[in-house]
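Peer 1: My questions are about this predicted structure, shown below with the sequence.
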Amino acid sequence: MYPGVHARTTPDKLAVVLADSDRSLTYRELDDRSAALARVLHDAGLRTGDVVALLTDNRPEAFEVFWAALRSGLYITAVNSHLTAGEVAYIVEDSGAKTLIASASLGGLPEEVAEKITIGSMRLAFGGSVRGFDSYEEALAAAGPRLDEEPCGAIMLYSSGTTGFPKGIQPPLPERRVDEPGEALVTVAQFLFGITDSDVYYSPAPVYHAAPLRWGGAIHALGGTVVLADKFDAETALRHIEQYNITAGQMVPTMFVRMLKLDDETRSRHDLSSLRVLVHAAAPCPPDVKRAMIDWLGPVVYEYYSATEANGITFINSQEWLEHPGSVGKSVIAPAHICDEDGRELPPGEVGIIYFESENLPFTYHNDPEKTSAAQHPDHPNWTTVGDLGYLDDEGYLYLTDRKSFTIISGGVNIYPQEIENVLALHPAVEDVAVIGVPHPEMGEEVKAVVQVSSGAVGSAELAGELIAYVRERVAHFKVPRSVDFVDELPRTPTGKLVKGKLKAAYAS
């Protein structure tokens, strides 16, 4: 489904609300404005399979762009607005985007990006003027007549690989129109989480991430209301749940930790009785944290495990989790398989690579056939993996044990060590370096650099500060190491391969 269906039946119902503001969109407004943008994109020459890049913070316009792309048979590529201008420009260029749409509230970032990219027939900015961009609002006001609905578009998001270069995860375009049912997440939300048109869904995470964007779209498909928070704050989230009568929401474990750290008086001050579904994903949740959330809120905590690649999904409710603590649930839609490095399927209880089975190849990595091939099972091309490790128990419940690529997950955000290692390797004081995630009580993990200094250099607090500042100038701030340790030598095999597992194990203990 898409907003046009609900615009005809419940035109004045709120589709999007920006919390603590006067900004909102009814279903009629969301349908009209996304249809106008679809016409603008069509008149600019975009056709089925082309890409629209979106650079925004949490703003209602994000869903106007989302639905304009989907109703036009286009891919939407939402880009992390906390990246540097160079990192954003790389993604825009690599995606082949023909249009870049940006929020003026991001300050100078859109302007810097525009100066770096060479592609794109149109650049639009909403919420204010940005040098190098035309007015989004004026473009919509001048749009021509509505188009007939094109084949349904899709989401193509970027996720860095172990090389540090982001790769677009490109699903095939659906073989259906946008107003026809068929989106798998909509089915999951409806039948596993019980989402209906009466739900008010709270989304405090950045909308450019896979889950907030996809789940917001699923809520609209089902006719509910999405309440966007500008950012997450623990006490504010409790106030929002009470104020907006939130019935469903999604958070990451870091948010749980921050909410649990509120004192009893603060937690009891707010009426949370409207909440019946609280979903978490994106990062492993410490069992003690999850148990405390269930004790506090009751059996309303649900978990799923998936990836930006959307090649599979597991599901578990509160009662199941209490019976199988630590599990991320059973696979839904398609079977999960645990295999060894050679592709042989392993019995229950043995740790291996997690594959999800599909009828067809569910995604490719844009411009990277080698990475696509590496994600496929050697004997079953439609079984795919994102490199996570885990095991199944005798009842088919999945347990995660590690991430093959040693991706760092801090506050639910993926950070890829190789990118940071590549930056530090160029510093004259660095002979060798490893970047790992170390346990953190609130964020889950934080970034640590372990450095072997060059001859003549001395490991010191001053050098640690210099290295941190060096990285901060070159990558997004959330990727910057929070600490630097100095060692005489890093563990490497005779062939030069870094034994990062040994290093992580030493810090974990």
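Peer 2: Looks like it came in fine.

Peer 1: what's next to stretch 107-116, contact-wise?
Peer 2: 55, 81, 85-86, 88-89, 92, 100, 102-104, 123, 125, 130-133 (Cβ atoms under 8 Å, 6 or more residues apart in numbering). C-beta here means a position set from N, CA and C on the backbone, and glycine is covered the same way.

Peer 1: Mark which of these are buried, thanks.
Peer 2: Buried subset of the contacts of stretch 107-116 (neighbour count, 16 or more other Cβ atoms under 10 Å): 55, 81, 85, 88-89, 92, 100, 102-104, 123, 125, 130, 133.

Peer 1: Which of those residues sits closest to Pro362?
Peer 2: The closest of the buried ones among the contacts of stretch 107-116 to Pro362 turns out to be Val92 (Cβ to Cβ; 24.4 Å).

Peer 1: before we move on, which element is the closest one in?
Peer 2: If you go by DSSP states H and E, Val92 is part of helix 85-95.

Peer 1: Beyond the helix or strand hosting Ala464, next helix or strand please.
Peer 2: Following DSSP H and E, one finds Ala464 within helix 461-472. Remark: after helix 461-472, the chain's next helix or strand is strand 483-486, criterion DSSP H and E.

Peer 1: pLDDT (mean, whole number) over that following strand?
Peer 2: Mean pLDDT, computed over strand 483-486, is 97.

Peer 1: What's the separation between the residue with the largest distance to the centre of the chain and Asn311?
Peer 2: Here the centre of the chain is the reference, and by Cα atoms, centre = their mean the most remote residue is Gly456, at 42.6 Å. Gly456 sits 49 Å away from Asn311 when distances are taken as Cβ to Cβ, to the nearest Å.

Peer 1: got it, and Asn367?
Peer 2: 19 Å.

Peer 1: Next: Glu87.
Peer 2: From Glu87 over to Asn311 (counting by Cβ to Cβ), the distance is 25 Å.

Peer 1: more neighbours, the two?
Peer 2: Asn311 (24 against 21; other Cβ atoms under 10 Å).

Peer 1: check contacts around the more buried one.
Peer 2: Phe356, Ser358, Pro362, Phe363, Thr384, Thr385, Val386.

Peer 1: Repeat the analysis, applying 10 Å as the threshold.
Peer 2: 169, 171, 334, 354-358, 361-363, 375, 382-386 (Cβ atoms under 10 Å, 6 or more residues apart in numbering).

Peer 1: swap in Ser135?
Peer 2: Ala104, Leu124, Ala125, Phe126, Gly128, Ser129, Ala141, Ala142.

Peer 1: I'd like the list of those that fall within strands, please.
Peer 2: Leu124, Ala125, Phe126 (DSSP state E).

Peer 1: possible to save the residues you listed as a markdown table with pLDDT and distance to Pro441?
Peer 2: Converted to a markdown table, the ones in strands among the contacts of Ser135 look like this (pLDDT from 0 to 100; distance: Cβ to Cβ, whole Å):
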| residue | pLDDT | distance to Pro441 |
| --- | --- | --- |
| Leu124 | 98 | 43 |
| Ala125 | 98 | 40 |
| Phe126 | 98 | 39 |
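
Peer 1: Nearest to Thr10 among these?
Peer 2: Closest to Thr10, out of all of the ones in strands among the contacts of Ser135 and judged by Cβ to Cβ, is Phe126, at 25.2 Å.

Peer 1: residues near that closest one, how many?
Peer 2: Neighbour count for Phe126, taken as other Cβ under 10 Å: 23.

Peer 1: so it bridges to which residues?
Peer 2: As for beta bridges, Phe126 partners with Ser103 under DSSP bridges.

Peer 1: returning to what we had before: tabulate the contacts of Ser135 in a markdown table, adding columns for distance to Phe486.
Peer 2: Below are these laid out as a markdown table (distance: Cβ to Cβ, whole Å):
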| residue | distance to Phe486 |
| --- | --- |
| Ala104 | 44 |
| Leu124 | 48 |
| Ala125 | 45 |
| Phe126 | 47 |
| Gly128 | 46 |
| Ser129 | 48 |
| Ala141 | 59 |
| Ala142 | 60 |
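
Peer 1: now, which of those residues sits nearest Leu463?
Peer 2: Leu463 has its nearest neighbour among the contacts of Ser135 in Ala104, at 39.9 Å by Cβ to Cβ.
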